[in-house]
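1. the sequence isn't on hand, but the structure is:
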Ligand SMILES: [Fe+2]
Ligand SMILES: [Fe+2]
């Protein structure tokens, strides 16, 4: 089992950072992200918020994003799929407009296939679904980014067009997973729905500070994380005898991959037009660590719900600390950060920090694994989402 204790990760990485606009701020780490799941002896709180930091974008930085609008229209918007080209949740679900008999037969097949999904797998799938269902929060966060926000709610700006269309594509993910889980009969929908309601009401603070340089670093990382996570739930669904669910998770993963490409391209462009600011932004987000979007999830019963869900995801290999390090490494290579030559001073420090980060995370993880392997007898935790059945964490 791969595990990282709270203690070791609290001391890593630094929390005092300098933002890309030269202001030094302290950003308290959220104690719960995918790297800070608890061991049985150190239960964390799930309600710790980041220290809220907001900054206005200086006009010249807003200008950078305005000047990129034609490029976004030409190079980023084509990465979206039109509605006609897009799959819809109903393509993957029993067709309720058939005769009752035919519909019931299709539902029965779905239920037979999902009958053998293990409880721990269900917990992770539900956690992923709840994360997708909190989509209003993500659009809200997007519209905190100065220079790319949707100023009217239906702005024709390419940045705003992207955000709305991205949201529209993402909206299908929660719908599909939710309906599938509902029809499976395996889960406590009331508790899941309560968790979704609480999560949307809580929101999230990814530490992006109204700043699209930080925001697009966050989304680049996050889309890749969800691509990995849905890809792994697809693989496990197949291994557990549910090919329909494997197709569902797989099609969602392919959307996430396309979104990852878009955000990675945006940061690549920012590195091209405003190298130092973009490099410092990457280091800033990495120092804060990338929190998973649903870190404030709460079902009203388990005060460590997010931590427990993350731990099960880690144990099943759906999303792990090793994946986190791999994503950092992938981005360093994809953005060719080691090859940026013109950086000086703070930019150079940021470059060195980010380029050395993945091996540091891996080393820390190894030490933590050695420690946690000595802790025996970790118990099970009840999850309300599956009628309080116990799952090993
Ligand atoms: Fe998604
Ligand atoms: Fe996504």
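-> In hand now; what should we look at? Worth saying up front: this structure is predicted, and the values here are computed from it rather than measured. Ligands and ions are numbered 1, 2, ... in the order given.

2. going forward, measure contacts and count neighbours with C-alpha atoms only.
-> Fine.

3. what's the pLDDT at residue 55?
-> Confidence at residue 55, expressed as pLDDT, is 76.

4. quick one: it from residue 205, how far?
-> Relative to residue 205, residue 55 is positioned 14 Å away (CA to CA, to the nearest Å).

5. and if you look at residue 295?
-> Between residue 295 and residue 205 the computed distance is 9 Å (CA to CA).

6. which of the two has more neighbours?
-> residue 295 (28 against 20; other CA atoms under 10 Å).

7. pretty sure that one sits against residue 308.
-> No - with contact defined as CA atoms under 8 Å, residue 295 does not count as touching residue 308 (10.9 Å).

8. so residue 381 is in which element?
-> According to DSSP states H and E, residue 381 maps onto strand 380-383.

9. what sits up against that strand?
-> For strand 380-383, the surrounding residues in contact (CA atoms under 8 Å, 6 or more residues apart in numbering) are 123, 302, 308, 388-393.

10. switch to 10 Å and redo it
-> 40, 119-120, 123, 188, 191, 299, 301-302, 304-305, 308-309, 388-393 (CA atoms under 10 Å, 6 or more residues apart in numbering).

11. looking at those residues, which are in strands?
-> Under the assignment DSSP state E, the contacts of strand 380-383 contribute 389-392 to strands.

12. and for the nearest residue to residue 316 once chain neighbours are set aside, the neighbour number?
-> Among residues not flanking residue 316 along the chain, residue 121 sits closest, at 7.5 Å (CA to CA, 6 or more residues apart in numbering). Residue 121 has 19 neighbouring residues, counting by other CA under 10 Å.

13. residue 121 is in contact with residue 236, isn't it?
-> Yes - counting by CA atoms under 10 Å, residue 121 touches residue 236, with 7.9 Å between them.

14. buried ones among the contacts of strand 380-383?
-> Among the contacts of strand 380-383, those buried by neighbour count (16 or more other CA atoms under 10 Å) are 40, 119-120, 123, 188, 191, 299, 302, 304-305, 308-309, 391, 393.

15. find the closest residue to ligand 2 in the stretch 251-393 of the chain.
-> Residue nearest to ligand 2 within the stretch 251-393 of the chain: residue 256 (4.7 Å; CA to the ion).

16. please identify which helix or strand holds that residue.
-> Assigned by DSSP H and E, residue 256 falls in helix 243-273.

17. could you point out the helix or strand that follows that helix?
-> Immediately after helix 243-273, counting by DSSP H and E, sits helix 275-288.

18. does that next one pack against any helices or strands, and if so which?
-> If you count contacts as 3 or more CA pairs under 10 Å, 6 or more residues apart in numbering; DSSP states H and E, helix 275-288 packs onto strand 16-18, helix 212-239, helix 243-273, helix 321-334, helix 345-355, helix 357-372.

19. so where's the protein uncertain?
-> Applying pLDDT under 70 to the chain flags residues 1-52, 56, 371-378.

20. spell out which parts of it neighbour ligand 2.
-> The chain has residues 223, 256 near ligand 2, with proximity defined as CA under 5 Å from the ion.

21. ok so, going back, packing partners of the helix holding residue 256?
-> Packed against helix 243-273 by the contact rule (3+ CA pairs under 10 Å, 6+ apart) you find helix 59-67, helix 100-114, helix 158-184, helix 212-239, helix 275-288, helix 321-334.
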